[in-house]
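> The sequence isn't on hand, but the structure is:
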């Protein structure tokens, strides 16, 4: 069996086995987050140490994983998402590596210096908020009206999402507390209707919920135009029941403010910091993490037919019309 080449982050070389290297790790969780990790994820120093050792051994012996980061913070993305079930974390890592190989147009060469990505980001389409919510969760704010579907493609939209996520995933507090998504759909126009093919929409949704190491805690939709209901219904219908239950629909921003502290929102939505300042602040982080994010492309797994099907890239059939409509059943506050 071939041994895996281990990638130390950010240095992309290392020993030939995951068992013969000293991995220094100092937990950066706040005290409050350590308590959450213990209560919700069963995490403590001993469990974390054992799980990391088992995870690295599995990677080293995996016949198809040829290169992979094995630093603690990277592996903890998966262990925390799966509440320290090592088999489940291993499965998610395998999926994560596989979708990066199968869909490079969405998940590789993520670079803030790419002109299209930079323009979409600076327009304010997708911005992580600087302040966390009352539960310590990272909030990612999306404004449909700031994405031009006549100028940019669904691939470029997905690449912006992937870049933002990769810039956040090594934050340990977020690995434990999870993520909240706020989507202002007031500016969604008819160009969005034809932006995504059914096959691509199905594939990207599968990638998000099965292969992305993030604890998806809540998704808020605000100001949905009547003509946008159909496309959002379609996307929601593809989600797992667990994620469907975490969707909250608001008629307007006032409804959103009943669930999130208005102070953390952009100034344009009742907060204190203008959106432009939030964009400028986060771009600094994107530039700082640029090399680390691009280095992810050096990871490699050999993809066979079974792995491709496993990741959800197989042929997508028609979706039963009865499934669509689940969105209408969601409670609107």
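Here it is on my side, so go on. What you are looking at is a predicted structure, and each value in this text was computed from that prediction instead of being measured.
> mind checking how far residue 75 is from residue 69?
Here the distance between residue 75 and residue 69 works out to 8 Å (Cβ to Cβ, to the nearest Å). (Glycine included, C-beta is placed from N, CA and C.)
> and what of residue 146?
The value you get for residue 146 to residue 69, if Cβ to Cβ is used, is 33 Å.
> Looking at those two, which has the bigger crowd around it?
Counting neighbours by other Cβ atoms under 10 Å for residue 146 and for residue 69 shows that residue 69 has the greater number, 24 against 17.
> Tell me if I'm right that that one and residue 297 touch.
No: look at residue 69 against residue 297 with Cβ atoms under 8 Å: they stay out of range, at 11.6 Å.
> overlap in contacts of these two?
Both residue 69 and residue 297 lack any common contact, where contact means Cβ atoms under 8 Å, 6 or more residues apart in numbering.
> Checking my notes, residue 195 in a helix, right?
No: per DSSP: H, G, I helix; E, B strand; the rest coil, residue 195 lies outside any helix segment and is coil.
> residues in contact with it?
149, 153-154, 157.
> and if you look at residue 27?
34, 45, 48, 172.
> 10 Å instead, please
The contact partners of residue 27, taken as Cβ atoms under 10 Å, 6 or more residues apart in numbering, are 33-34, 37, 43, 45, 48, 72-73, 76, 172.
> Let me have those residues in TSV, adding distance to residue 218 as columns.
Output for these, formatted as TSV (distance: Cβ to Cβ, whole Å):
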residue	distance to residue 218
33	18
34	22
37	19
43	22
45	30
48	26
72	28
73	24
76	22
172	20
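> Need the nearest residue in space to residue 132, chain neighbours excluded.
Closest residue to residue 132 apart from its sequence neighbours, by Cβ to Cβ, 6 or more residues apart in numbering: residue 138 at 6.1 Å.
> what's the burial count for that neighbour?
Other residues close to residue 138 by other Cβ under 10 Å number 23.
> element containing the most centrally placed residue in the chain, please.
The centroid of the chain falls nearest to residue 165 when counting by Cα atoms, centre = their mean (4.6 Å). If you go by DSSP states H and E, residue 165 is part of helix 154-168.
> One more: residue 224?
Residue 224 belongs to no helix or strand when elements are defined using DSSP H and E.
> mind checking how far it is from residue 245?
Relative to residue 245, residue 224 is positioned 18 Å away (Cβ to Cβ).
> Next, residue 43: secondary structure please.
Residue 43 is classified as coil under three-state DSSP.
> Tell me which of residue 224 and residue 245 has more neighbours.
Between residue 224 and residue 245, counted using other Cβ under 10 Å, the more crowded position is residue 224 (22 against 10).
> so who does the spatially closest residue to the more buried one that is not a sequence neighbour touch?
Excluding its sequence neighbours, the residue lying closest to residue 224 (Cβ to Cβ, 6+ apart) is residue 185, at 4.7 Å. Counting by Cβ under 10 Å, 6+ apart, residue 185 makes contact with 142-145, 192, 221-225, 228-229, 231-232, 249.
> Any quick ChimeraX command for the buried ones out of the residues you listed?
Buried subset of the contacts of residue 185, written as a ChimeraX selection, criterion 16 or more other Cβ atoms under 10 Å:
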select :142,143,144,192,221,222,223,224,228,231,232,249
